[in-house]
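Novice: give me the fold of what follows.
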Amino acid sequence: GSDVRANTTTATPVGDGTYRLVGHKWFTSAPMSDMFLTLAQAPGGLSCFLLPRVLPDGTRNPIRLMRLKNKLGNKSNASAEIEYEQAIGWPLGPEGAGVKTIIQMVNNTRLDCTLGSAAGMRFGAVQAVHHATHRGAFGAKLIDQPLMRNVLADLVIESEAATTVAMRLAGAPDEFRRLGLAVSKYWVCKRAPMHAAEALECLGGNGYVEDSGMPRLYREAPLQSIWEGSGNVAALDTLRAMARQPESVAAFFAEVESAAGADSRLDDAVGRLRKDLSTVEEYQARRLVESMALVLQGSLLVRHGDQAVADAFCASRFGD
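Specialist: Numbering: from 1, shown residues only. This next block holds a predicted model:
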């Protein structure tokens with residue numbers, strides 16, 4: 001789970017540069033992979049190891065599959081419960097630096113989660129708009145009904161905001177990416193299930209039928225928020241980053257304030273955020289991270305997005 005330091009798997013050095021791992025692992029994602037990164041307790045503390053599924057001599061590494069998880073969704077990407085029975089692993093990084101070593105992979109996966117959620121929103125929005133364009137009800141096409149048009153517009157705005165921030169983070173420098181990714185992983189992934197539910201509802205009963213593809217989208221949507229640290233973990237990681245790397249805070253505000261003067265509602269939201277950051281308690285973390293994610297999205301849309309989308313985003317997220 002998230003408390004990786006509570007890991008009880010042991011790693012014993014053999015003397016030839018490899019270690020023998022013994023332990024039970026409740027979750028192993030994608031057991032069909034050729035290589036795995038795992039944490040285990042070595043003599044020098046919690047360390048990171050690389051385990052191949054097939055060893056160099058062609059034999060199978062003793063990584064025993066106990067069962068596959070019966071998950072809510074994401075079934076094509078199996079998750080397994082496994083046991084290491086003297087499995088052979090090679091160390092990555094020094095002993096005792098397991099978390100520091102593996103966090104590089106974790107942060108890359110958090111970007112994947114953000115991109116995946118943005119992709120799901122795009123799929124949901126496109127399906128909803130397509131259905132409303134061709135479905136007639138109450139004397140007009142659904143897309144011409146004012147209330148449905150409003151719902152569709154908000155789905156598209158949320159999708160645009162998620163895509164824009166995901167793309168920015170994919171090419172962002174490290175000092176900004178550390179904080180920008182933490183807040184965006186929290187918020188974009190948190191929004192995905194609600195977005196999927198609303199998009200499904202636009203199709204009515206048809207959206208609840210498997211043939212539409214929407215139930216699968218709905219089942220997949222919560223996963224990205226759980227992967228590599230669920231909501232509270234992501235929010236607390238943001239506070240930790242601000243405390244340990246204050247330069248990341250400066251980089252974050254340099255990014256959002258590059259849109260200063262373009263939209264008064266966004267400017268006011270950034271001002272409120274600066275004030276809120278002056279005194280932060282742990283119980284406020286989720287609200288604070290949400291505010292950070294929204295001002296980041298607003299700043300990016302104002303600078304790089306469609307003008308109508310940016311205006312609607314700022315009006316609905318920051319206005320009255």
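
Novice: which of the helices and strands in this protein ranks last by mean pLDDT?
Specialist: For the chain, counting by mean pLDDT, DSSP states H and E, strand 136-137 ranks last in confidence among helices and strands (a mean of 88).

Novice: paired strands for that one, with orientation please.
Specialist: In the sheet containing strand 136-137, its partner strands are strand 140-141 (antiparallel), by DSSP bridges.

Novice: and the next helix or strand after the partner strand, what's its mean pLDDT?
Specialist: Proceeding C-terminally, strand 140-141 gives way to helix 146-170 as the next helix or strand, assigned by DSSP states H and E. Along helix 146-170, the predicted local confidence has a mean pLDDT of 97.

Novice: quick one: distance of helix 146-170 to the chain centre.
Specialist: Relative to the chain's own centre, helix 146-170 is displaced by 17 Å; criterion: C-alpha atoms, centre = their mean, to the nearest Å.

Novice: for stretch 275-291, same thing?
Specialist: Centroid separation for stretch 275-291 versus its chain: 20 Å, with C-alpha atoms, centre = their mean.

Novice: list the contacts of the helix or strand hosting residue 21.
Specialist: Counting by DSSP H and E, the element that carries residue 21 is strand 19-29. Outside of strand 19-29, the residues within contact range by C-beta atoms under 8 Å, 6 or more residues apart in numbering are 1, 7-14, 36, 38, 40, 42, 49, 51, 69, 77, 79-91. (C-beta placed from N, C-alpha, C; glycine too.)

Novice: can you tell me the average pLDDT over stretch 212-222?
Specialist: Taken as a whole, stretch 212-222 has an average pLDDT of 96.

Novice: what pairs with the strand holding residue 21, parallel or antiparallel?
Specialist: For strand 19-29, the paired strands and their directions (DSSP bridges) read strand 10-13 (antiparallel), strand 79-92 (antiparallel).

Novice: now the shortest one: buried residues?
Specialist: Read it as strand 10-13. When neighbours are counted by 16 or more other C-beta atoms under 10 Å, the buried residues of strand 10-13 are found to be residue 11.

Novice: quick one: low-confidence residue ranges for the stretch 201-320 of the chain.
Specialist: Within the stretch 201-320 of the chain, not a single segment meets pLDDT under 70.

Novice: which parts of it are strands?
Specialist: Secondary structure of the stretch 201-320 of the chain by DSSP state E, counting those that start in this stretch: no strands are present.

Novice: you'd agree residue 175 is up against residue 247?
Specialist: Yes. Using C-beta atoms under 8 Å as the test, residue 175 is close enough to residue 247 to be in contact (5.7 Å).

Novice: neighbour count winner among those two?
Specialist: Here residue 175 and residue 247 are set side by side on neighbour count (other C-beta atoms under 10 Å), and the busier one is residue 175, at 17 against 11.

Novice: contacts only, for the more buried one.
Specialist: With contacts taken as C-beta under 8 Å, 6+ apart, residue 175 has the following neighbours: 245, 247, 248, 251.
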